[in-house]
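Undergrad: how would this look folded up:
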Amino acid sequence: MTHTNLWTTTGNHTSSAATGPVYGQQGYTDRYGYIESSTGQPGMTSYITTPGLSFGAQGGYLQFYYHMYGQTIGTLRVEQCDATMACTQLFSQSGESHTHVQANWTRAAYPLNANTKFV
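TA: Residues are numbered from 1 along each chain as shown. The predicted structure is shown next:
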């Protein structure tokens, strides 16, 4: 995976008080990536990109879980891109969507086109 250096991984709570989840989607047994948005600047963008993907004619499937709790949450956007980096948005969520640090993570799942090279 390629990413900007704004991403951090943890298996516990985020580095700022009363934000983010207190543990990963499966409890304390897994890790998750996050950006500490309380120290960022408005309009900042960060990304994670998969290695090159290859699907058969049926395409593929993307499933992920997200947790967005805190006053300075920005936008989480997921796109599928072909080899020329022409991208189509699959998912977008802006602002706080969870009500507590212990709220359940939300599952999202999307089919991917056969020509998807990167997500």
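Undergrad: from here on, contacts and neighbour counts on C-alpha atoms
TA: Fine.
Undergrad: And stretch 89-104, end to end?
TA: Terminal residues of stretch 89-104 are spaced 25 Å apart (CA to CA, to the nearest Å).
Undergrad: Name the residues that touch that stretch?
TA: 18-23, 25, 67-80, 110 (CA atoms under 8 Å, 6 or more residues apart in numbering).
Undergrad: Next, the buried residues of that stretch.
TA: Applying a neighbour-count criterion of 16 or more other CA atoms under 10 Å, one finds 90, 96, 98, 100-104 buried in stretch 89-104.
Undergrad: re the thing from before, list buried residues within the contacts of stretch 89-104.
TA: With burial judged by 16+ other CA under 10 Å, the buried subset of those is 19-23, 25, 67-70, 72-74, 78-80.
Undergrad: Farthest-apart pair in those residues, please.
TA: Spanning the widest gap among these are 22 and 80, at 29.4 Å by CA to CA.
Undergrad: low-scoring pLDDT stretches of this protein, where are they?
TA: Along the chain, the parts satisfying pLDDT under 70 run over 1-5, 40.
Undergrad: all strands for it, in order.
TA: For the chain, the strands defined by DSSP state E cover 2-3, 7-10, 32-35, 48-49, 60-66, 75-81, 87-94, 106-112.
Undergrad: and those as CSV, adding distance to residue 119?
TA: Converted to CSV, those look like this (distance: least, CA to CA, whole Å):
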stretch, distance to residue 119
strand 2-3, 11
strand 7-10, 16
strand 32-35, 16
strand 48-49, 6
strand 60-66, 9
strand 75-81, 5
strand 87-94, 9
strand 106-112, 9
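Undergrad: so how far is residue 28 from residue 116?
TA: Distance from residue 116 to residue 28, by CA to CA: 33 Å.
Undergrad: Between the two, point out the one with more neighbours.
TA: It is residue 116, of residue 116 and residue 28, that has more neighbours when counted by other CA atoms under 10 Å, with 22 against 13.
Undergrad: what separates the residue nearest to that one when sequence neighbours are not counted from residue 66, distance-wise?
TA: The shortest distance from residue 116 to any non-neighbouring residue, by CA to CA, 6 or more residues apart in numbering, is to residue 82 (4.7 Å). Separation of residue 82 from residue 66 (CA to CA) stands at 24 Å.
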